[in-house]
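Q: Model the following, please.
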Amino acid sequence: MTLFYSQNSEDVLLARCFEGENQGFYVDVGAEDPIEGSITRHFYERGWNGINIEPVPFFFDRITKDRPRDINLNCVASDRDEQTLNLCVSEGTGLSTLEAERQEALENNPDHAVQRIEVQSQTLSTILNSHATQRIDFLKIDVEGHELAVLRGLDLSRHHPRVIVIETTLPSMHPGGRVPMQERPIAAQDFTAIDQLITAAGYRRVYFDGLNTWWIDQAEPALADAFLTPPNCFDTISPLESYRIIEQLSARNEQLSAKVVSTETSLEEVKARCQSLQQALATTEEGYSHLMNEYQQLSTHQQALLNSRSWKITAPFRGVAARSRRLLSSLRSKQIDSQS
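A: Okay, here's the model as predicted:
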């Protein structure tokens with residue numbers, strides 16, 4: 001099963017761009033989680049590798065553990081090297097930001113637990129000069145309002161990705177469910193500057209997916225074919241969420257199967273016990289039947305004895321004997337009383 005992990009099918013579109021290419025190199029600026037919502041996870045599983053830039057300690061620790069083949073950097077990409085910047089971290093979200101206006105909005109939002117940490121900056125050119133040993137197939141930038149600064153720190157004439165995808169809408173936490181049209185994020189204020197900088201470096205803007213804007217290298221016009229239609233059923237999409245539901249149902253099915261096996265075992269034990277009890281009952285009934293036969297025989301013999309002539313002739317003698325026993329017993333009792 002082919003899995004896709006991104007939040008907006010970005011990896012589906014990229015898979016079209018690089019169909020059949022099982023080796024490649026990516027750069028993920030603002031990588032966040034290495035699995036949940038990851039644009040690069042699908043390609044890592046195909047054998048690709050690349051550079052992940054993530055300043056938030058929680059996400060960086062997860063990336064380090066999950067991506068041993070990748071180059072993982074705990075810093076921010078910006079327009080200058082060796083700056084110490086204040087990052088406002090919004091725990092458990094992808095809204096952590098360097099931008100002062102957005103930091104204030106986060107801190108004033110009671111729904112978000114935030115903290116400020118100091119982070120070091122490097123330009124993307126410095127990072128790529130040190131770590132990019134091959135051409136970059138795609139560059140993704142999602143840094144909550146700092147995208148233009150990242151691009152200003154990149155020499156696109158020297159490092160020229162084949163595809164660039166940048167989140168170009170104002171940061172917004174998806175509330176779940178359908179978002180009304182009037183509440184959907186609008187284009188970031190610096191989108192025009194971003195677009196001009198990229199197109200001037202030899203790129204063509206080809207697509208907007210509602211969240212990100214896409215550019216392709218003008219030298220590879222065939223890449224534009226990947227964006228002729230939105231992601232659809234012919235991409236054999238198996239989103240991570242659906243896969244997890246299948247896994248949960250499979251686990252539940254295994255649990256139920258185990259319970260069925262356990263119940264069947266218990267049922268067999270009950271059946272064996274019933275058979276044992278039935279055998280014991282049959283033995284008891286057989287013994288009872290034997291005793292009843294003996295009882296009937298004794299009753300018949302007794303009745304025959306009572307009806308016999310000899311029993312009737314000796315009846316007076318038995319009466320005398322009984323009276324004698326009673327008299328003898330009475331005399332013994334009186335003797336005992338006189339001695340006491």
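Q: And the contacts of whichever strand or helix holds residue 120?
A: Using DSSP states H and E, residue 120 maps to strand 114-123. Here strand 114-123 makes contact (C-beta atoms under 8 Å, 6 or more residues apart in numbering) with 55, 57, 73, 75-91, 103, 106-107, 153-154. Heads up, the C-betas are built off the backbone N, CA and C, glycines and all.
Q: Show me how far it is from its chain's centre.
A: Mean C-alpha position of strand 114-123 versus that of the full chain (C-alpha atoms, centre = their mean, to the nearest Å) differs by 31 Å.
Q: list the buried ones in that strand?
A: Residues 114, 119, 121, 122, 123 are the ones in strand 114-123 that count as buried (16 or more other C-beta atoms under 10 Å).
Q: Which strands or helices does the helix or strand following it pack on?
A: Going down the chain from strand 114-123, the next helix or strand is helix 124-131, by DSSP H and E. In terms of contacts (3 or more C-beta pairs under 8 Å, 6 or more residues apart in numbering; DSSP states H and E), helix 124-131 is packed against strand 25-29, strand 49-53, strand 71-73.
Q: and with 7 Å instead?
A: Contact analysis of helix 124-131 by 3 or more C-beta pairs under 7 Å, 6 or more residues apart in numbering; DSSP states H and E lists strand 49-53 as its packing neighbours.
Q: Who does the strand it packs on pair with, and is each partner parallel or antiparallel?
A: Paired strands of strand 49-53, with direction, are strand 25-29 (parallel), strand 71-73 (parallel) (DSSP bridges).
Q: Name the residues of the helix or strand just after the shortest one that are buried.
A: Translated: strand 71-73. Moving toward the C-terminus from strand 71-73, the next helix or strand (DSSP H and E) is strand 76-78. By neighbour count on 16+ other C-beta under 10 Å, the buried set for strand 76-78 is 76, 77, 78.
Q: which among the residues you listed gets closest to residue 329?
A: Using C-beta to C-beta, residue 76 comes nearest to residue 329 of the buried residues of strand 76-78, at 118.1 Å.
Q: can you list the domains in the chain?
A: Domain assignment for the chain by automatic domain parsing gives 10-172+180-238, 251-307, 316-340.
Q: winner for burial among these?
A: Across the domains of the chain, averaging neighbours per residue (mean count of other C-beta atoms under 10 Å) puts domain 10-172+180-238 on top, at a mean of 17.
Q: Quick one: distance of that domain to the chain centre.
A: Chain-centre distance of domain 10-172+180-238: 26 Å, with C-alpha atoms, centre = their mean.
Q: any idea where the strands of the chain begin and end?
A: 25-29, 49-53, 71-73, 76-78, 84-90, 114-123, 138-141, 163-167, 203-208, 212-217 (DSSP state E).
Q: Dump the C-alpha coordinates for the longest one into CSV.
A: It refers to strand 114-123. Provided in CSV are the C-alpha atoms of strand 114-123 (Å, rounded to 0.1, in the frame of the first residue of the first chain):
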residue,chain,number,x,y,z
VAL,A,114,3.1,29.1,24.2
GLN,A,115,6.6,29.7,25.3
ARG,A,116,9.5,31.7,23.9
ILE,A,117,12.9,30.1,23.2
GLU,A,118,16.1,31.4,21.6
VAL,A,119,17.1,29.9,18.3
GLN,A,120,20.1,30.3,16.0
SER,A,121,19.7,31.3,12.4
GLN,A,122,21.5,30.3,9.2
THR,A,123,20.8,31.3,5.7
